[in-house]
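Asks: Below: sequence and its predicted model.
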Protein chains: 2
Amino acid sequence: MPATENALAERLVPNVMVAACPSRRILSHVTSRWGVLALMALRGRTMRFSALRRHIGGVSERMLAQTLQTLEADGFVIRRSFDVVPPHVEYSLSELGEEAAEKVASLVLWIEGNLERIPGAQGD
Amino acid sequence: MPATENALAERLVPNVMVAACPSRRILSHVTSRWGVLALMALRGRTMRFSALRRHIGGVSERMLAQTLQTLEADGFVIRRSFDVVPPHVEYSLSELGEEAAEKVASLVLWIEGNLERIPGAQGD
DNA sequence: GTAAGTACATACAAAATTGTAAGTGTAAAC
DNA sequence: GTTTACACTTACAATTTTGTATGTACTTAC
């Protein structure tokens, strides 16, 4: 089989094991330190920037803004800005975002619910 | 309610939104760049170090070794070493690891299967 | 009138992650 | 006899991520 077929197959069937596959980039955004938590926080609800920041323990303004921009560019997060002062901006998930967040939540909830069974989470 | 109750609640009910919660560390290991892929690769099968390295596109020896050690310390990965030369080491998932990997796989497969719907994955 | 809240952007520094290259010790393949 | 494979480890450098501090422009509460 010629090399063109491989290139074609890679475009038709995304595979994270392939370094250049775009799924790698999306995966890294969704599984990023603050990306996971932002998706979790926005599941099924709308939140303002500051509320999000207070909700997600330890996140800085800079990191939260950056994370939300990345997720928005991917199409997971929707940003609605009202032209008032002081500023008012609402964040929510798109249908796509809700679907991704559901998967992420499944993992996170499993970890939270099984922490006691995880040796690496004990002591220390 | 006194502060002791909060501390107690945090130990009884793990919450990733709390910066100091141990679930954060475990989450970061499982969602780390190479951690995700190692868990995916080992689902339902045993693999040797070099085979894993060839399977996971773009991973260096250093990063793979480090990732496997972290996941082993957490209790997700089992390392079996045979005392022969050249070295022979087999990696597999513990029951715990299989459960975590299942959740991770669910997310990864969703991304792979929905890449075309994700605006941020198009073009570049 | 002073402080706090809103939603960021920006410059800079610090810290963490990741990669590269080399070394180990033996054995089988060429 | 030279190369290749195995499963790493270590030192060092480059890169990326993350934090800190500051500024913005205006309004409401004290």
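Replies: Good, I have the coordinates. Numbers count the residues shown, from 1 in each chain, chains lettered A, B, ... in the order given.
Asks: C-alpha from now on. contacts and neighbour counts both.
Replies: Fine.
Asks: For A:Val13, grab the count of nearby residues.
Replies: 12 (other C-alpha atoms under 10 Å in any protein chain shown).
Asks: A:Leu12 too?
Replies: 10.
Asks: cool, and A:Phe82?
Replies: A:Phe82, neighbours per other C-alpha under 10 Å, totals 10.
Asks: Can you tell me how far the residue nearest to it when sequence neighbours are not counted is from A:Ser50?
Replies: Distances taken as C-alpha to C-alpha, 6 or more residues apart in numbering or on different chains put A:His88 closest to A:Phe82, at 5.4 Å, once the chain neighbours are dropped. Distance from A:His88 to A:Ser50, counting by C-alpha to C-alpha, to the nearest Å: 10 Å.
Asks: Equivalent analysis for A:Leu115, please.
Replies: Distance of A:Leu115 to A:Ser50, given as C-alpha to C-alpha: 29 Å.
Asks: Any residue of the helix or strand in which A:Tyr91 is found touching DNA strand C?
Replies: A:Tyr91 belongs to strand A:88-93 when assigned by DSSP states H and E. Yes: Strand A:88-93 reaches DNA strand C (C-alpha under 7 Å from any atom of the strand) through A:88-90.
Asks: Which of those are buried, as a ChimeraX select command?
Replies: Entered in ChimeraX, the line below selects the buried ones among the residues of strand A:88-93 next to DNA strand C, by 16 or more other C-alpha atoms under 10 Å in any protein chain shown:
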select /A:90
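Asks: list the contacts for the residue lying closest to A:Arg80 once chain neighbours are set aside?
Replies: Take A:Arg80 and drop its neighbours on the chain: the residue closest to it by C-alpha to C-alpha, 6+ apart is A:Glu90, 5.1 Å away. Listed by C-alpha atoms under 8 Å, 6 or more residues apart in numbering or on different chains, the contact partners of A:Glu90 are A:46-49, A:79-81.
Asks: From the centre of chain A outward, give me the first residue you hit.
Replies: A:Val30 (3.2 Å; C-alpha atoms, centre = their mean).
Asks: Touching, that residue and A:Ala38? I think so.
Replies: No: taking contacts as C-alpha atoms under 8 Å, A:Val30 lies outside contact range of A:Ala38: 9.3 Å.
Asks: helices or strands next to the longest helix anywhere in chain A in the packing?
Replies: As assigned by DSSP state H, the longest helix anywhere in chain A is helix A:95-114. Where contact means 3 or more C-alpha pairs under 8 Å, 6 or more residues apart in numbering or on different chains; DSSP states H and E, helix A:95-114 is packed against helix A:33-42, helix B:22-30, helix B:95-114.
Asks: With distance to A:Ala20 added, can I get the ones you listed in CSV?
Replies: Shown next, in CSV, are those (distance: least, C-alpha to C-alpha, whole Å):
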stretch, distance to A:Ala20
helix A:33-42, 21
helix B:22-30, 21
helix B:95-114, 13
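Asks: Out of the ones you listed, flag the one nearest DNA strand C.
Replies: helix B:22-30 (7.9 Å; C-alpha to the nearest atom of the strand).
Asks: quick one: that closest one to helix A:95-114, angle?
Replies: Interaxial angle, helix B:22-30 versus helix A:95-114 (axes from the mean of the first three to the mean of the last three C-alpha atoms, to 10 degrees): 120 degrees.
Asks: Whether helix B:22-30 contacts chain A - can you check?
Replies: Yes: judged by C-alpha under 8 Å from any C-alpha of the partner chain, helix B:22-30 and chain A are in contact via B:22-23, B:25-28.
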